[in-house]
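J.: structure for this input, please:
(2 chains)
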Amino acid sequence: MSRPDPGSTVVSAAAARRGTIQSVDRAARILKELGSGPSRLGVTELSDRLGLAKGTVYGLLRTLERQEMVEQDPETGKYRLGPAMLQLGNAFLDNHELRSRSLLWADSLASRVGEAVRVGVLNGTTMLIVHHVFRPDDSVQILEVGASIPWHACALGKAVVAYADDHERAALMREPLVALTGRTITDPPRLAGALGAVVAEGFATEDQEAIVGEAEIAAAVFDHRCDRHARRCSDESQSLGGVVSRAVVNDHQFAGH
Amino acid sequence: MAGSETKLTQTRPERMVAVVSEPDLPGATPRFNASFIRRWVRASAAQIEANRDFLTQLDAAIGDADHGVNMDRGFGASVVDLEVESELGPGELLTRVGTTLVYRVGGAAGPLYGTMFRQAGAVLSEATFDAEDLLKALRAGLDGIQGLGAAVEGDKTIVDAYLPALQAFERALRAGDDVASAGRSAAEASHEGMRATIPLQARKGRASYLGPRSVGHQDPGATSTSLLFVALASVTSGAP
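T.: From the prediction side, this is the model:
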């Protein structure tokens, strides 16, 4: 578990907080901590993690509890996320335009190709999955909506970043490119080459670069702000997303051996 | 279900049949033949079958909820292979089992365990082998897994159970222990490595998509790996 150095966090947080409401910021940090850690946390643990006084944390928790955004476990006294958060999360997905527009054709794509279909948007350095249609067979699958996949390891991410503007793409390439498998492309020049191929061909592929045994093909979906002729996004568009079909590649696993 | 104990069931010990294929000189290193591999695969299949639902439960928390079912299908098919392929040598058997696992297990576990068995099989080219050869084969298996998955210790994967087991096996042999005690040490080390995955955050595989939410759950891959080493120990304990 690597935690940022508390000193530097305070400095950068203070700079970023200018013009914002401190208590709202702190309440949001409590929610994020409860949403990312191992389920439930006590007041002391939260105050340690956030570097806030226990009284402050307690007051914020009481307020959030009134809004059902957190709830207290009656046995341990520890706090966890409350039911209102589920409604908010669902509201985010329901209001997501790319997701709502993709519901119908993602279903038909999945049944046509016999593979899982996922729709994602670029969120920082990862692709956030906003819609997932299961592979139409009887195998057990887990819904991946909400999952975050490093952009460089998935076809979804390559499809979207290939059309990002030069500045944004260069910034993403400077971020650490983690190897998720032995096949993940972590070399920036090679990755740049792969992105060039995406633009040339109109779609992106990925062969066991995110998960061993799985391959993907993805294409970018453009919103109304895109220059249709150049097929290139002229501004940093949040609704730029990708759709992907996932195939299990076990069959040609040893084709190259 | 988090933190539940693994049910490491002992496989029914088969009656000791001739493991030594050639008359050895007194004090010579014992040599094993294809029957050793058959018994290891059968014992593995029995361990996986007995823990099938447990593996699936673990996988449901941080993966696809299919690990137990997939592994049971693959090892079940491998046992059938053993019946059919009565002529194969130890290395060829491992390779054959590996190929079956790739095709029948599916998911990430199929290619990973399949590659492990295939790479291990490539090392055992003779009709018989000794404990040192077994060590080399196990090491080649781990190399195969790491080449494919790029996982290192602490990523919350198969490697977290495999690497300590391999190290313990080698340490025991270097210390002059017999193969039975080396096998036991490996099984114990894999069990500890498996338990040590609980507080880790996954950095590989589908579980890594969950970010910090993978913390607090035992890794299903490390668990099935530990079962394979428990199975191996049950076979080496019958060896001279």
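J.: I'd like to know how many residues surround A:T205.
T.: Burial measure for A:T205: 18 neighbouring residues, criterion other Cβ atoms under 10 Å in any protein chain shown. In short, each C-beta sits where N, CA and C put it, glycine included.
J.: hmm, it is touching A:A219, no?
T.: No - assessed by Cβ atoms under 8 Å, A:T205 is found out of contact with A:A219, at 10.4 Å.
J.: nearest residue to B:A34 in space, please, no chain neighbours.
T.: Of all residues not flanking B:A34 in the chain, B:P90 sits nearest, at 4.7 Å (Cβ to Cβ, 6 or more residues apart in numbering or on different chains).
J.: on the three-state scheme, the residue in chain B positioned nearest to chain A is what?
T.: Nearest residue of chain B to chain A: B:Y209, at 3.7 Å (Cβ to the nearest Cβ). Secondary structure assignment for B:Y209 (DSSP: H, G, I helix; E, B strand; the rest coil): helix.
J.: just the element for A:L31, please.
T.: Under the criterion of DSSP states H and E, A:L31 resides in helix A:22-36.
J.: and that helix, how far from the chain's centre?
T.: 19 Å (Cα atoms, centre = their mean, to the nearest Å).
J.: now that helix: buried residues?
T.: A:R26, A:A27, A:R29, A:I30, A:L31, A:E33, A:L34 (16 or more other Cβ atoms under 10 Å in any protein chain shown).
J.: closest one of the residues you listed to chain B?
T.: A:E33 (9.6 Å).
J.: who's in contact with the closest one?
T.: By Cβ atoms under 8 Å, 6 or more residues apart in numbering or on different chains, the contact set of A:E33 is A:L41, A:L46, A:R49, A:L50.
J.: in chain B, which spans are helices?
T.: B:34-50, B:52-62, B:67-84, B:90-105, B:109-123, B:131-149, B:159-174, B:179-195, B:220-236 (DSSP state H).
J.: pick the most deeply packed of these.
T.: Looking across the helices of chain B with neighbours counted as mean count of other Cβ atoms under 10 Å in any protein chain shown, the highest average goes to helix B:220-236: a mean of 28.
J.: which strands or helices does that helix pack on?
T.: On a contact count with 3 or more Cβ pairs under 8 Å, 6 or more residues apart in numbering or on different chains; DSSP states H and E, helix B:220-236 meets helix B:34-50, helix B:52-62, helix B:67-84, helix B:109-123, helix B:159-174, helix B:179-195.
J.: do the longest one and chain A meet at all?
T.: Yes - contact of helix B:67-84 with chain A is found when judged by Cβ under 8 Å from any Cβ of the partner chain, involving B:V69.
J.: who are the packing partners of that helix?
T.: Using 3+ Cβ pairs under 8 Å, 6+ apart: helix B:67-84 touches helix B:34-50, helix B:52-62, helix B:90-105, helix B:109-123, helix B:220-236.
J.: same list (those) but as a markdown table, adding mean pLDDT and distance to A:R62.
T.: Output for these, formatted as a markdown table (pLDDT from 0 to 100; distance: least, Cβ to Cβ, whole Å):
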| stretch | mean pLDDT | distance to A:R62 |
| --- | --- | --- |
| helix B:34-50 | 96 | 49 |
| helix B:52-62 | 93 | 31 |
| helix B:90-105 | 95 | 50 |
| helix B:109-123 | 97 | 46 |
| helix B:220-236 | 97 | 39 |
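J.: rebuild those as JSON lines, extending it with distance to B:P164.
T.: Listed next are the helices and strands packed on helix B:67-84 as JSON lines, based on distance: least, Cβ to Cβ, whole Å:
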{"stretch": "helix B:34-50", "distance to B:P164": "18"}
{"stretch": "helix B:52-62", "distance to B:P164": "19"}
{"stretch": "helix B:90-105", "distance to B:P164": "22"}
{"stretch": "helix B:109-123", "distance to B:P164": "16"}
{"stretch": "helix B:220-236", "distance to B:P164": "10"}
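J.: which one of those lies nearest to A:R18?
T.: Nearest of the helices and strands packed on helix B:67-84 to A:R18, taken as Cβ to Cβ: helix B:52-62 at 39.0 Å.
J.: how many neighbours does the residue lying closest to B:Y209 once chain neighbours are set aside have?
T.: Leaving out its chain neighbours, the residue that sits closest to B:Y209 by Cβ to Cβ, 6+ apart is A:A147, at 3.7 Å. A:A147 is flanked by 19 other residues according to other Cβ under 10 Å.
J.: surely A:A147 touches B:L210?
T.: Yes - counting by Cβ under 8 Å, A:A147 does reach B:L210; the two are 7.2 Å apart.
J.: which residues of the stretch 101-250 of chain A score low on pLDDT?
T.: A:224-250 (pLDDT under 70).
J.: swap the cut-off to 80 and go again
T.: Along the stretch 101-250 of chain A, the parts satisfying pLDDT under 80 run over A:139-140, A:223-250.
J.: that one: strands as residue ranges?
T.: Listed in chain order, the strands of the stretch 101-250 of chain A (DSSP state E, counting those that start in this stretch) span A:116-123, A:126-133, A:148-150, A:204-207, A:214-221, A:241-248.
J.: is chain B contacted by the shortest one?
T.: Yes - if you take Cβ under 8 Å from any Cβ as the test, strand A:148-150 does meet chain B, through A:S148, A:I149.
J.: that strand pairs with which strands, and in what direction?
T.: Note on strand A:148-150: by DSSP bridges, its sheet partners are strand A:126-133 (antiparallel).
J.: same check, this time on the fifth one
T.: In the sheet, strand A:214-221 lines up against strand A:204-207 (antiparallel), strand A:241-248 (antiparallel) (DSSP bridges).
J.: mind listing what's buried in the shortest one?
T.: What it means is strand A:204-207. Those would be A:A204, A:T205, A:E206, for strand A:204-207 by 16+ other Cβ under 10 Å.
J.: what's near enough to touch the first one?
T.: Contacts for A:A204 (Cβ under 8 Å, 6+ apart) come out as A:A155, A:L156, A:K158, A:A159, A:A162, A:A194, A:V198, A:I217, A:A218, A:A219, A:G242.
J.: just the buried members of those?
T.: Buried members of the contacts of A:A204, scored by 16+ other Cβ under 10 Å, are A:A155, A:L156, A:K158, A:A159, A:A162, A:A194, A:V198, A:I217, A:A218, A:A219, A:G242.
J.: which among the residues you listed gets closest to chain B?
T.: Nearest member of the buried ones among the contacts of A:A204 to chain B, counting by Cβ to the nearest Cβ, is A:L156, at 12.2 Å.
J.: nothing else from me, thank you.
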